[in-house]
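Chemist: Take this sequence and fold it.
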Amino acid sequence: MTRSALTRTQPPLRCALFDIDGTLVDTVELIVRALDHTFRKHLGVQISRDELRRTIGLPLHQQVRLFDHLVDFVPDHRAMEADEIAYYESHKHLERVIPEAVEALREARRAGWRIALVTSKNRQELETFLPRLNVDGWVDTVVSSSDVARPKPAPDSVLVALERLGVPPDEAVFVGDTVYDIQCARAAGVRVIAVGWGAHPPEMLRAHAPDWWVEEPAQLRELIRSLARRAETGVAGVRIPAVESPP
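Modeler: Numbering: from 1, shown residues only. Reported below is the predicted structural model:
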């Protein structure tokens, strides 16, 4: 366990923005399978699992265009998006909600924080997905890739969420599992908790220097609880230890 330097330049947190895929719900394997199916069917190519994992966190309309350079024809991207969504929904039983991560969201809400979901999923994907996440009543707003001109890793999604919530960037923290989450939050002026159970490997996330790092979902709940306690006492900007796995 390491301790970050203390700073009093930032106010206490009162808002948490949560990514969905790989953060609150284990969808990584399902997304990889859906993308693999889509690229095989429409491009006739096989993309490595590692490459597919690295695309997670980008919106679907970008994902389906990433490997156009491998073929000598113009793919039907709309058909690719539709097939990816259809494959995902037909295998939705592979989704696994991460209880401790969802409990961390609820912990923040119980502490009086404003809560937003900020996702690269589009509106069509969210229509069927959100009821399965079952966080109605715990979340103030949801920002999808359909709601902004520039989705992650651009800051627009976070900025829209903060505007809806009436919270300045320095009073919010973003919880995510990809480099795109970190880049998005940083560009918006928001602090970041990176989680180690999602799409991108720890070394990629650590290279982008998140404010806090947690390896296990239960540690996220404890971190949120500690941050909320510090906010209640009005201790501005104090960072608690980053939670790490033993060497």
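Chemist: which secondary structure elements does the helix or strand of the chain with the lowest mean pLDDT contact?
Modeler: Scoring the helices and strands of the chain by mean pLDDT, DSSP states H and E places helix 217-233 at the bottom, with a mean of 91. If contacts are counted by 3 or more C-beta pairs under 8 Å, 6 or more residues apart in numbering; DSSP states H and E, helix 217-233 sits against helix 99-110, strand 191-195, strand 212-214. No exception for glycine: its C-beta is placed from N, CA and C like everyone else's.
Chemist: Of those, which is nearest Y88?
Modeler: Nearest of the helices and strands packed on helix 217-233 to Y88, taken as C-beta to C-beta: helix 99-110 at 20.0 Å.
Chemist: Break the protein down into its domains, please.
Modeler: As assigned by automatic domain parsing, the chain contains the domains 15-26+96-233, 28-94.
Chemist: In CSV: the ones you listed, plus mean neighbour count and distance to T9.
Modeler: As requested, the domains of the chain are exported to CSV (neighbours: other C-beta atoms under 10 Å; distance: least, C-beta to C-beta, whole Å):
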stretch, mean neighbour count, distance to T9
domain 15-26+96-233, 20, 9
domain 28-94, 16, 29
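Chemist: Please report phi then psi for L52.
Modeler: L52 adopts backbone torsions of phi -70, psi -40, taken as degrees, to the nearest 10.
Chemist: So it is in contact with L35, correct?
Modeler: Yes - L52 sits in contact with L35 when judged by C-beta atoms under 8 Å, with a separation of 5.0 Å.
Chemist: Looking at per-residue confidence, what score does the residue lying farthest from the centre of the chain get?
Modeler: In terms of distance from the mean C-alpha position of the chain, D72 ranks first, at 33.7 Å (C-alpha atoms, centre = their mean). Note on D72: pLDDT of 98.
Chemist: Surely it is within a strand?
Modeler: No - membership of D72 in a strand is not supported by DSSP: H, G, I helix; E, B strand; the rest coil, which gives coil.
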